[in-house]
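Asks: Could you look at this predicted model? Sequence included:
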Amino acid sequence: MTSMPSDALPAQVCKRIVRWSRRSDLAALCLTCKALQREAEVKMYEIIMSGNIQATFRACQSVISRARLGPYVRSFYIFQDGGRFQRALPEGFWGVVRLALSKMRSLQCLVIHDPTYSNGWVLGDTSRVPFQLQEARLFFYWDRNFVRFLESQNKLKSLHIIDGPDNDSFLQLEAGSLPELQTLDGILMAAEHIVSVTTSITHLQITLDPNSEPDLLAFIPKLARLTSLGALSILHLSEHLGVRAFPLIAATCCTLRHVGMIPLPLPGPNSIYFYRALLSMHQLRMLEVGTAAWTPQPTGIQQRILASEIRVYCPSIEYVCFWTGGGRTLWILDGNDWSYHPDNGHHTPLDALWKAR
């Protein structure tokens, strides 16, 4: 009896073997036969994600040296394991990354955490960028290279950034840029500018710092441009500003389905502004509130009572998330009662509630 050559394995059989193989076994499959190598490489290089910079560097070198590999890459991540300590990466590393990116014509998701924020030049030459991303999380300074890249991405749907144009006319996006952007996560300066050039945003998260707080009240009315905005999250909103910001949000964006993270006023004169704002939000389903000013922090039955009180003023509410000093608790309406889901202190679905609504 003659044996069938390994290269004669049907493609569907190879795909099925690879489909049910662990990622750690894919390298071994590549050494088994040519037919399995082809299918295993597709899965191996579909996602390049490792907190080990040396492993990322070697993957980039493989993509550069083997022309068949670049088109397999759909998601590419650059980050370092090691917690808070992040070492600067040499220019030679970024040069290899730039060349590897030029081979990834099917890339859809790009995540780069640059510890120095200064290597956006790897994306600046748009003639060498063959892909149209759908999702990007880019820790770079907002410079001319970064602007050119964003202007070239007409299919981008989700963007997370850490810098903005700082009122520099040379660093402004062209009107009509990012025409399909739906989800934006960034600082207020970036949100102000991007909202002025595109109206397609449906989910917006803004991170405030003490210097940007005075600009928030002037920015909120501009959200009226975003007629499809369904979720708004504001991080680090102080209690004194929240008392003024939440009624303004309700007046400008009364069709929001998600709002967070609003400081919950203590019982007293300021609470009337909070509950009056809720009265006008007829489509609100989820509200995230902070209770940092409360002593003691409300827990258990107290949170249940507060959630029920919120629903009296906003009957459409189905979810209330309390941010306390010790974590977060999500309360979900179940019939006429509330069930709770506490945060365990690690990364959980509660971290992206604003994206889900």
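Replies: Looks like it came in fine.
Asks: CA only for contacts and neighbour counts going forward, please
Replies: Fine.
Asks: how about the strands of the stretch 201-350 of the chain, start to end?
Replies: In the stretch 201-350 of the chain, strands defined by DSSP state E, counting those that start in this stretch lie at 203-207, 231-235, 258-263, 286-290, 319-324, 327-334, 337-342, listed in chain order.
Asks: among those strands, which is the most enclosed?
Replies: With neighbours taken as mean count of other Cα atoms under 10 Å, the strands of the stretch 201-350 of the chain reach their highest mean count in strand 258-263, at a mean of 25.
Asks: Give me the sheet partners of that one and which way each runs.
Replies: Using DSSP bridges, the strands paired with strand 258-263 in its sheet are strand 231-235 (parallel), strand 286-290 (parallel).
Asks: now it and strand 319-324, what's the angle there?
Replies: Angle, strand 258-263 to strand 319-324, by axes from the mean of the first three to the mean of the last three Cα atoms, to 10 degrees: 30 degrees.
Asks: for Tyr319, what are its contacts?
Replies: Contact analysis of Tyr319 by Cα atoms under 8 Å, 6 or more residues apart in numbering lists Arg285, Met286, Leu287, Leu330, Trp331, Ile332, Leu333.
Asks: What's the local residue count around Leu188?
Replies: 23 (other Cα atoms under 10 Å).
Asks: Kindly report the same for Arg16.
Replies: Burial measure for Arg16: 11 neighbouring residues, criterion other Cα under 10 Å.
Asks: how about the strands paired with strand 258-263 in JSON lines, adding mean pLDDT?
Replies: As requested, these are arranged in JSON lines below (pLDDT from 0 to 100):
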{"stretch": "strand 231-235", "mean pLDDT": "96"}
{"stretch": "strand 286-290", "mean pLDDT": "96"}
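Asks: of the contacts of Tyr319, closest to Leu188?
Replies: For Leu188, the closest of the contacts of Tyr319 turns out to be Leu287, at 20.6 Å, with distances computed as Cα to Cα.
Asks: Please report how far the closest one lies from Leu353.
Replies: The span separating Leu287 from Leu353 equals 10 Å under the rule Cα to Cα, to the nearest Å.
Asks: Gln153 too?
Replies: In this structure, Gln153 and Leu353 are 26 Å apart, going by Cα to Cα.
Asks: Over to Tyr313?
Replies: Using Cα to Cα, one gets 22 Å for the distance from Tyr313 to Leu353.
Asks: go on, Ala11?
Replies: Shown here: Ala11 relative to Leu353, a distance of 41 Å by Cα to Cα.
Asks: what's the neighbour count on Thr227?
Replies: For Thr227, which is what you asked about, the neighbour count (other Cα under 10 Å) is 13.
Asks: Now distance to Val197 too, for the strands of the stretch 201-350 of the chain, in JSON lines please.
Replies: As requested, these are exported to JSON lines (distance: least, Cα to Cα, whole Å):
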{"stretch": "strand 203-207", "distance to Val197": "15"}
{"stretch": "strand 231-235", "distance to Val197": "18"}
{"stretch": "strand 258-263", "distance to Val197": "23"}
{"stretch": "strand 286-290", "distance to Val197": "28"}
{"stretch": "strand 319-324", "distance to Val197": "32"}
{"stretch": "strand 327-334", "distance to Val197": "35"}
{"stretch": "strand 337-342", "distance to Val197": "39"}
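Asks: between the ones you listed, which gets nearest to Phe219?
Replies: When the strands of the stretch 201-350 of the chain are compared for distance to Phe219 using Cα to Cα, the nearest one is strand 203-207, at 11.1 Å.
Asks: ok, and what's touching the closest one?
Replies: Applying Cα under 8 Å, 6+ apart, the set of residues contacting strand 203-207 from outside is 182-188, 191, 229-236, 354-355.
Asks: Swap in 10 Å and give it another go.
Replies: Taking Cα atoms under 10 Å, 6 or more residues apart in numbering as the criterion, the residues outside strand 203-207 that touch it are 158-160, 162, 181-192, 195, 213, 216, 223, 226, 228-237, 256, 258-261, 354-357.
Asks: Let's see the distance spanning stretch 311-320 from one end to the other.
Replies: The stretch stretch 311-320 measures 9 Å between its terminal residues, going by Cα to Cα.
Asks: i'd like the first residue to be 18 from this point on
Replies: Yes, from this point I'll number from 18; that puts the last item at stretch 328-337.
Asks: mean confidence score for that stretch?
Replies: Looking at stretch 328-337 alone, the average pLDDT works out to 96.
Asks: May I see the buried residues of it?
Replies: Arg328, Tyr330, Cys331, Pro332, Ile334, Glu335, Tyr336, Val337 (16 or more other Cα atoms under 10 Å).
Asks: OK, contacts around the first one?
Replies: Looking back up the chat, that one is Arg328. If you count contacts by Cα under 10 Å, 6+ apart, Arg328 has them with Tyr292, Leu295, Leu296, Arg302, Ile322, Ile334, Glu335, Tyr336, Val337, Leu350.
Asks: How about the secondary structure of Val128?
Replies: With DSSP: H, G, I helix; E, B strand; the rest coil as the basis, the three-state label of Val128 is strand.
Asks: That one and Gln151 touch, don't they?
Replies: No. The pair Val128 and Gln151 fails to qualify as a contact (Cα atoms under 10 Å) at a distance of 11.4 Å.
Asks: Backbone dihedrals for Asp98, both of them.
Replies: The main-chain torsion angles of Asp98 are listed as degrees, to the nearest 10 and equal phi -70, psi 160.
Asks: what's the distance between it and Ile129?
Replies: Computed with Cα to Cα, the distance linking Asp98 and Ile129 is 13 Å.
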